[in-house]
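Student: my questions concern the predicted model and sequence given below.
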Amino acid sequence: MKKVALVFGTRPEAIKMAPIYLALKREHVPAVVVVTGQHKEMLHQVTELFGISADHDLQVMTDRQSLSNLTAKMTGSLEKIFDGEDIGFTCVQGDTTSAFIAALVSFYHKIPVGHVEAGLRTDNLYDPYPEEANRRLISVLSNYHYAPTITALENLIKEGHPGHQIVVTGNTVIDALQWIVNNRKDDLSLKRERLGINGREYILMTMHRRENWGKPMRDVARAVSDIVGKYPDVRVVFPVHLNPVVRETVFSELGENPRVILTQPMDYLEFVAAMEGARFLMTDSGGIQEEAPALGKPTLVLRRTTERPEAIAAGTAKLVGTERSTVVAEVSRLLDSEDYYSKMSRASNPFGDGQAAIRIVNHILEVVFSR
């Protein structure tokens, strides 16, 4: 029986692929799980939580390596795996370099590719970098596009992808989040207790994207200092990414501030707990723009562009950039205006109903296994 390859390397990829892995398992479809290991420590937390066993670990990551070097190492490693496994279909998710290389190596082996979360676009090839280029390249190499929203479908149609190759599924991150809330509810409050944030008002923040390294991140960090100075009862909880470039900036700017709680990267269960208890979120993450509205949490997006305009249109998120004064003004508006906060928190979630993985696996069963 042909196998379905699931290739991923970052924690967000693992979270969004986990519901597909579980759905394949329920249907008794053999999967080959290949982890590329960009976020090795954080990745293991997710695979353990969802009970995912990796069949192959590429172990290609080194500190501060170039994208070119990473691409070359991944290509050679994946080539050997694809030569040795009986793979009939490859699933990749999102916009990472590992997803692009997995799609490319699958193409070289004439293995059909299904792209989960297909059709997201900013229309600026360098923002975010290199993600915007990666997802466009994956679309060219993919046989099937699992679009999370109608907007993503329309983007793919505009680019000339045939409609019969596109399936609107919703986003699998909602599946994963619902699984956590339904299966681990008792753990969430306990996690907040252990983090020392249960019952406190706090803003949850993340920031790590390559285009925000340097001055943009420094400016936002200084805005955070301004905010906690302006609002004595508010804290900011900031799990700091393991990338040394990020850590150098964040700890130098905020490490001495007693009301900014800098933590190690949280495991997924901890992060869901922190999201659930937060007043609102500040982030440059893509996935959080999808997760937060499912919990009724407004989100300020620390970027110039977003490939998730549905969140902006629905009113669950607002694009605020990284300018210090603008970030302070937008945070202040959410803290000062109950009407504004309520409007954002009650906006409907545009990213699905928690059944995306079932739709994707049903399609794979049809096109690969004629079931």
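Tutor: Right, received. Where do you want to start? The structure presented is a predicted model; accordingly, all values stated were derived computationally and were not measured.

Student: list the contacts of stretch 203-216.
Tutor: With contacts defined as CB atoms under 8 Å, 6 or more residues apart in numbering, stretch 203-216 is touched by 126-130, 217, 220, 224, 227, 234-239, 241, 243, 245-246, 249-250, 274-275, 278-285, 288, 302-303, 322, 331. From N, CA and C alone the C-beta is placed, and that goes for glycine too.

Student: just the buried members of those residues?
Tutor: Neighbour counting with 16 or more other CB atoms under 10 Å marks 127-128, 130, 217, 220, 224, 227, 234-239, 241, 243, 246, 249-250, 274-275, 278-285, 288, 302-303, 322, 331 as buried within the contacts of stretch 203-216.

Student: okay, and which of these map to strands?
Tutor: Within the buried ones among the contacts of stretch 203-216, residues falling in strands by DSSP state E are 235-239, 280-283.

Student: could you list the low-pLDDT ranges of the stretch 251-371 of the chain?
Tutor: Within the stretch 251-371 of the chain, not a single segment meets pLDDT under 70.

Student: what about the strands in it?
Tutor: For the stretch 251-371 of the chain, the strands defined by DSSP state E, counting those that start in this stretch occupy 260-263, 280-283, 299-301, 317-319.

Student: as a markdown table, those with distance to residue 106 would be great.
Tutor: Formatted as a markdown table, these follow (distance: least, CB to CB, whole Å):
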| stretch | distance to residue 106 |
| --- | --- |
| strand 260-263 | 37 |
| strand 280-283 | 31 |
| strand 299-301 | 32 |
| strand 317-319 | 33 |
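
Student: the ones you listed: which one's closest to residue 80?
Tutor: For residue 80, the closest of those is strand 280-283, at 36.7 Å, according to CB to CB.

Student: for that closest one, packing partners?
Tutor: strand 202-206, helix 287-294, strand 299-301, helix 324-336, helix 338-345 (3 or more CB pairs under 8 Å, 6 or more residues apart in numbering; DSSP states H and E).

Student: looking at the ones you listed, which is nearest to residue 30?
Tutor: Once those are compared by CB to CB, helix 287-294 is nearest, at 27.5 Å.

Student: what residues does that closest one touch?
Tutor: With CB under 8 Å, 6+ apart as the criterion, helix 287-294 contacts 12, 15-16, 148, 171, 173-174, 177-178, 206, 272, 275, 280-281, 283, 298-299, 301, 306, 308, 311, 314, 316-317, 347-351.

Student: buried among those? Make that a ChimeraX selection.
Tutor: Selection of buried members from these for ChimeraX, criterion 16+ other CB under 10 Å:
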select :12,15,16,148,171,173,174,177,178,206,272,275,280,281,283,298,299,301,306,308,311,314,316,317,347,349,350,351
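
Student: what separates the closest residue to residue 259 other than its chain neighbours from residue 334, distance-wise?
Tutor: In space, and not counting its chain neighbours, residue 259 is closest to residue 228: 4.4 Å by CB to CB, 6 or more residues apart in numbering. As judged by CB to CB, to the nearest Å, residue 228 and residue 334 stand 14 Å apart.
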